[in-house]
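A.B. asks: Pasted the sequence and its predicted model underneath.
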Amino acid sequence: MKLAVRSLFLKIFLWFWATVIVTGIALVLTFIFEPRSVPSQWHATLMETAHSSGAIAVNEAERGGDSAAAAYIGRIEGPYSLLHGITSWKRSERCKKRST
């Protein structure tokens, strides 16, 4: 009876990892063979966002001066922004290198 339980556990274990591997391969193939690849879509979206944010900053500078543009940039660089996350990560990496 114990042999059947071990065998069942082994089957479930192997099928789980087979499913994980097949899902990973499918994900990689989707990224590679998609006509308009996902990374290029991400790049295009980031470029559009940067262009839009830059245009808004210029409009703020024209209407309210440098202080208004600086305030707008401060709002988009808030603690939950991607830019804040990237710069914080770079700063923490530099601190780690200095401390070792």
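C.D. replies: Happy to help now that I have it.

A.B. asks: Which element, helix or strand, includes residue 60?
C.D. replies: Residue 60 belongs to helix 38-64 when assigned by DSSP states H and E.

A.B. asks: tell me the mean pLDDT over that helix?
C.D. replies: The predicted model assigns helix 38-64 a mean pLDDT of 83.

A.B. asks: got the angle between the helix or strand following it and helix 38-64?
C.D. replies: Reading on from helix 38-64 to the C-terminus, the next helix or strand found by DSSP H and E is helix 66-76. In terms of direction (axes from the mean of the first three to the mean of the last three Cα atoms, to 10 degrees), helix 66-76 departs from helix 38-64 by 150 degrees.

A.B. asks: Give me the residues contacting helix 66-76.
C.D. replies: Applying Cβ atoms under 8 Å, 6 or more residues apart in numbering, the contact partners of helix 66-76 are 53, 56-58, 60-61, 83. Glycine gets a C-beta too; all of them are placed from N, C-alpha and C.

A.B. asks: what does stretch 31-48 give?
C.D. replies: Applying Cβ under 8 Å, 6+ apart, the set of residues contacting stretch 31-48 from outside is residue 30.

A.B. asks: longest helix anywhere in the protein?
C.D. replies: Longest helix of the chain, by residue count under DSSP state H: helix 2-33.

A.B. asks: Return the mean pLDDT over it, rounded to an integer.
C.D. replies: Mean predicted confidence for helix 2-33 is 85.

A.B. asks: Check the gap between residue 69 and residue 58 for me.
C.D. replies: 8 Å (Cβ to Cβ, to the nearest Å).

A.B. asks: Kindly report the domain assignment for the protein.
C.D. replies: 1-33, 38-100 (automatic domain parsing).

A.B. asks: Which one of residue 69 and residue 58 is surrounded by more residues?
C.D. replies: residue 69 (18 against 12; other Cβ atoms under 10 Å).
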